[in-house]
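Q: pasting the structure only:
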């Protein structure tokens with residue numbers, strides 16, 4: 001396995017490489033939520049830190065994952081790093 005960050009195998013899925021060009025823009029709030037997800041915060045912690053309702057935090061997390069067509073936080077964080085949205 002190559003350790004090259006440009007390699008799809010490095011990310012664990014070839015789908016991420018395909019999605020790279022078609023991502024939608026995030027709102028500023030979604031970017032805040034994405035950073036907190038990358039820091040390992042739970043949805044409950046995200047809600048508390050941003051001063052929003054738990055259901056609102058769930059909504060933002062769901063929208064982000066839908067926009068990038070990912071189904072778990074690990075893949076979401078990998079995608080965000082791959083696209084320079086967050087730093088490793």
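A: Looks like it arrived, so ask away. Everything quoted here is computed from the prediction, not taken from an experiment.

Q: residue 41 and residue 49 touch, don't they?
A: Yes - using CB atoms under 8 Å, residue 41 is in contact with residue 49, at 6.8 Å. C-beta: built from backbone N, CA, C; applies to glycine.

Q: ok, the two, which is more surrounded?
A: The neighbour comparison of residue 41 against residue 49 (other CB atoms under 10 Å) goes to residue 41, with 18 against 14.

Q: can you tell me how far that one is from residue 48?
A: Relative to residue 48, residue 41 is positioned 9 Å away (CB to CB, to the nearest Å).

Q: in what helix or strand does the spatially most central residue of the chain lie?
A: For the chain, the residue nearest the mean C-alpha position is residue 76 (3.4 Å; CA atoms, centre = their mean). Per DSSP states H and E: residue 76 is located in helix 73-82.

Q: buried set for that helix?
A: Residues of helix 73-82 classed as buried by neighbour count (16 or more other CB atoms under 10 Å): 73, 75, 76, 77, 78, 79, 80, 82.

Q: element containing the residue found closest to the residue nearest to the centre of the chain once you drop the neighbours it is linked to in the chain, please.
A: Nearest residue to residue 76, sequence neighbours excluded (CB to CB, 6 or more residues apart in numbering): residue 70, at 4.8 Å. Residue 70 is part of no helix or strand, with elements assigned from DSSP H and E.

Q: quick one, phi/psi of residue 70?
A: Per-residue torsions, residue 70: phi -120, psi 160 (degrees, to the nearest 10).

Q: any idea how far it is from residue 80?
A: According to CB to CB, residue 70 stands 10 Å off from residue 80.
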